[in-house]
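Chemist: compute the structure for the input listed below.
(one chain, ligands or ions: 1)
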Amino acid sequence: MELDRPLPQPMTPEARPYWDGLKDGKLMLPKCGDCGHTFFYPRILCPRCHSRAITWIQASGRGRLHAFGIAHQSFNRAFKVKPPFVLAMIELEEGPHMLSNLVNVEPDPKVVKCDMPVEVVFEKLTDDVTLPLFQPSRPTAARS
Ligand SMILES: [Zn+2]
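Modeler: Numbers count the residues shown, from 1 in each chain. Now for the predicted structure:
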């Protein structure tokens, strides 16, 4: 199985609040000020109504595992998760889908299930780049 993973997107001005948020341990999502559509990845125009009135909201960091694949090879040396790891399409509570990795879980299809609840964890790669990864949600009582 050959799987790919997009490298962090270049830090274009429209994506700056996203990267700055990650550095602060916040998952920020662009939201259209006109139609209220929350989307990902960051764009200059709302993908639904083409408005330029983009605002930012802090996502809860919670979502569900929409789809996944298990990768046995790392293709980005900056990426510190050791293979095999779980490539995950996360459906955020706010609606957007985000391609990420599922961590702190056995990379085994018997353990990883579609629709399982997940939550964000922040993986600092460099001083400039922190990536949002996801792990299975812990019970609410255990959440710090
Ligand atoms: Zn819009």
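
Chemist: surely residue 62 meets residue 91?
Modeler: No - with contacts defined as Cβ atoms under 8 Å, residue 62 does not count as touching residue 91, sitting 10.3 Å away. Any C-beta I mention is one placed from the backbone N, CA and C, and that applies to glycine too.

Chemist: contacts only, for the residue of the chain most remote from its centre.
Modeler: Residue farthest from the centre of the chain, counting by Cα atoms, centre = their mean, is residue 34 at 24.3 Å. If a contact means Cβ atoms under 8 Å, 6 or more residues apart in numbering, then residue 34 has 46, 49, 51, 53 as its contacts.

Chemist: got a list of what the third one touches?
Modeler: Read that as residue 51. So, once contact is read as Cβ under 8 Å, 6+ apart, residue 51 ends up touching 32, 33, 34, 35, 45.

Chemist: give me the pLDDT for residue 138.
Modeler: Reading off the per-residue confidence, residue 138 sits at a pLDDT of 80.

Chemist: the spatially closest residue to it that is not a sequence neighbour and the ion, how far apart?
Modeler: If you skip the residues right next to it in sequence, residue 138 has residue 119 as its closest partner in space, 7.5 Å away by Cβ to Cβ, 6 or more residues apart in numbering. Taken as Cβ to the ion, to the nearest Å, the spacing of residue 119 relative to the ion amounts to 27 Å.

Chemist: next: residue 40.
Modeler: Relative to the ion, residue 40 is positioned 14 Å away (criterion: Cβ to the ion).

Chemist: got the contact list for the closest residue to that residue other than its chain neighbours?
Modeler: If you skip the residues right next to it in sequence, residue 40 has residue 96 as its closest partner in space, 3.7 Å away by Cβ to Cβ, 6+ apart. Under the criterion of Cβ under 8 Å, 6+ apart, the contact partners of residue 96 comprise 29, 38, 39, 40.
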